[in-house]
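Enquirer: I'd like to go over a predicted model; first the sequence, then the structure.
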Amino acid sequence: MPGIPPSSLSSNWKKLQAQLQVDKKPDDKSNGLKRKRPVDTTNTTKPARKPKPTGPNTTTAAPVKKRKMGSYASTPAPKPSHHHTLTTDHDIPAADLTAAYGTSNPTRTTQTTFHDPLNSGLHPSHRAGKYLALDCEMVGTGPPPHADDLLARASLVNFHGEQIYDSYVQPPPRARVEDYRTHVSGIRPAHLHPSCARPFAEVQAAIAELLRDKILVGHALKKDMQALQLSHPRRDVRDTSRYAPFRVESRGKPPALRNLARSELGLTIQTGEHSSVEDARATMALFRKEKQGFEEENRRTFGTKRRVLGGKGRREESVGEEEGEGDEDEDEDEDLDEEDLDLLEGEEDEFAAELGGGAAAKKKAAPDKKKRKKKKSRTKRK
C-alpha cells in the first residue's frame, strides 16, 4: 500500500505529532520492566535499635539460631555421669555402683584413679586376694659401673590394681649405695634413711607372708626375687615377660614393660622416674587381659593341680592330662582350701573346672580297677 503524502494530512495531525516529539524524553530506553529504587548514599545513619526492657522481673530469651533446610540440628554433649564422678573422685569400686544403680555404670579400667599412700607398708583395708603383682626398684652398688642391684623399694597390688603393700627398704648395714639411679628408680638418699625406710628383714618377711599360697604376677620376676632373696613355686608364677604371645612384636626376646603397656593396653608409663606401684598395676592389667591364655599355658607346662586326701592329711599333687587314670580318691572335692575362699570379685576359681573333670577321670578309671580285680582272682585260681 503506498504511503500517504504529507501534503494530504490535516493541520491538527501535524500539531499532534510535533507535540509528541517535544514530550518524548531523549534518554528514555525503558523496556517495560520496573527498575529498582535508586540507593540514597548521602544518608549513612543507622536505624535506631529498640530499647531493651530492664527491671528485676525481666527475662531475656536466648537467640534462636536458624538452620538451613535439610541440615541436622546439633545436640549438646551429654553431661558426665554422677556414677563416673563417684568412681574417679571417691574411688568407689564400679562393682558396688553396678549393684546399687544397675549395669549402665562405667566399669573399672586400668585408667582408674587410685589414691596410693606412699611408703605405707601393708594397706589397712585392701584385701590381697589370690593374685598379687610384684615390682621392685633397685639402686646400684659394687665397683664401677655399679651394676650390682640393691633393693630400694618393693610394691604389691591385688587383682584389681589396688595397692596392698609399698615400702622403701634400708640397705644392709655393710652395703653402700654407689648409684641411686634417680632418673629411673625415683629413689633419693632421703628415701633410704632409717627414719623413712624399713629394714630389709622386715620387708622381706612381710612380702613372703603375703605371697604364701598366692599366684605371683610380675614382669621379669627373676631380678625382683633375687633382690628380695625369696623364691616362689614356678607353677604359681605368671611372668608377662615370658608369655609367648607378648613376645611376637619383640621377635622372641623379652619385651619391655612400657612397650607392652602401650601396645596391649594403650597406656603410657615409665616416661620419667619409675613407680613400682604403677609398674605392678600395669603388669596385673596385662595379666587380666590374657588371664585365660596364661592359665592354659601354665596347665600345659605343669599339668593339673588337684587336692588329694591321703593317710596323713591333705596334700596337693600335679597330674598331667594323661596321668589322671590312677586317681581313685572320692573325697577330693569335699574340702576347700582357705585360699579359694579368699577370692576377690572378678577372680574365678581355676579349680572349679578341674574338680568337674576329676569325676570323669574316676569313671574312666573304674573299668581298670575291675580288670585288676579280675586278674588277681584268676591268679588265685591257678
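Expert: That came through fine.
Enquirer: Phi first, then psi, for F200.
Expert: The phi/psi pair for F200 (degrees, to the nearest 10) reads phi -60, psi -40.
Enquirer: Would you confirm that it contacts P172?
Expert: Yes. Under the criterion of C-beta atoms under 8 Å, F200 makes contact with P172 at 6.0 Å. In short, each C-beta sits where N, CA and C put it, glycine included.
Enquirer: neighbour count winner among those two?
Expert: It is F200, of F200 and P172, that has more neighbours when counted by other C-beta atoms under 10 Å, with 20 against 13.
Enquirer: Next, the closest residue to the more buried one other than its chain neighbours: phi, psi?
Expert: Nearest non-adjacent residue to F200, counting by C-beta to C-beta, 6 or more residues apart in numbering: V169, 5.5 Å away. Phi and psi for V169, reported as degrees, to the nearest 10, are phi -120, psi 130.
Enquirer: for V169, what are its contacts?
Expert: By C-beta atoms under 8 Å, 6 or more residues apart in numbering, the contact list for V169 reads L151, A152, R153, A154, L192, A197, R198, P199, F200, V203.
Enquirer: swap in A282?
Expert: So A282 contacts T110, L257, L260, A261, L265, L267, I269 (C-beta under 8 Å, 6+ apart).
Enquirer: Of those, which belong to helices?
Expert: Secondary structure from DSSP state H places L257, L260 of the contacts of A282 in helices.
Enquirer: wait, G293 sits on F246?
Expert: No. Between G293 and F246 there is no contact under C-beta under 8 Å: 9.6 Å.
Enquirer: Going by distance to H183, which of the contacts of A282 wins?
Expert: Closest approach to H183 among the contacts of A282 (C-beta to C-beta): I269, at 15.3 Å.
Enquirer: Distance check, the closest one against Q19.
Expert: Using C-beta to C-beta, to the nearest Å, I269 is found at 103 Å from Q19.
Enquirer: These two - which one has more neighbours?
Expert: Under the criterion of other C-beta under 10 Å, the comparison of I269 against Q19 puts I269 first, with 16 against 10.
Enquirer: what's near enough to touch that one?
Expert: Applying C-beta under 8 Å, 6+ apart, we find I269 in contact with L257, R258, A261, E278, D279, A282.
Enquirer: what's the neighbour count on the second one?
Expert: Around R258 there are 16 other residues, counting by other C-beta under 10 Å.
Enquirer: what do you get for the first one?
Expert: Residues within reach of L257, counting by other C-beta under 10 Å, total 21.
Enquirer: how near is it to E202?
Expert: Using C-beta to C-beta, we find L257 at a distance of 27 Å from E202.
Enquirer: do the same with D148
Expert: Look at D148 and E202: by C-beta to C-beta, they are 22 Å apart.
Enquirer: which residues in the chain form helices?
Expert: Taking DSSP H, the helices of the chain run over residues 11-23, 82-89, 94-101, 182-185, 200-211, 221-228, 257-260, 276-289, 291-302, 338-341, 351-381.
Enquirer: could you give the mean pLDDT of the last one?
Expert: This points to helix 351-381. Taken as a whole, helix 351-381 has a mean pLDDT of 48.
Enquirer: Offset the numbering so it begins at 23, please.
Expert: In the new numbering, first residue 23, that becomes helix 373-403.
Enquirer: low-confidence ranges in the stretch 23-172 of the chain?
Expert: Along the stretch 23-172 of the chain, the model assigns pLDDT under 70 to residues 23-31, 45-134.
Enquirer: what pLDDT does E354 get?
Expert: Looking at E354, its pLDDT is 37.
Enquirer: how does the chain divide into domains?
Expert: Split into domains by automatic domain parsing, the chain comes to 104-135, 143-321, 325-355+372-403.
Enquirer: Run through the residues that contact A150.
Expert: By C-beta under 8 Å, 6+ apart, A150 lies in contact with L178, N180, I186, L232, K236, D364.
Enquirer: which of the residues you listed has the most neighbours?
Expert: Neighbour max across those (other C-beta under 10 Å) = L178, 30 neighbours.
Enquirer: If that residue is in a bridge, with which residues?
Expert: Beta-bridge partners of L178, counted by DSSP bridges, are L156, Y187.
Enquirer: Excluding chain neighbours, what is closest to R175?
Expert: Spatial nearest neighbour of R175, chain neighbours left out: E159 (4.1 Å); criterion: C-beta to C-beta, 6+ apart.
Enquirer: meant to ask about R257, not that
Expert: Nearest to R257 is F324, by C-beta to C-beta, 6+ apart, at 4.1 Å.
Enquirer: what about Y265, how many residues close to it?
Expert: Y265: 18 surrounding residues under other C-beta under 10 Å.
Enquirer: just checking, it touches G315?
Expert: Yes. Using C-beta under 8 Å, Y265 makes contact with G315 at a distance of 7.3 Å.
Enquirer: that older thread, which one of the contacts of V191 sits closest to L154?
Expert: Ranking these by separation from L154, with C-beta to C-beta as the measure, puts A176 on top at 11.7 Å.
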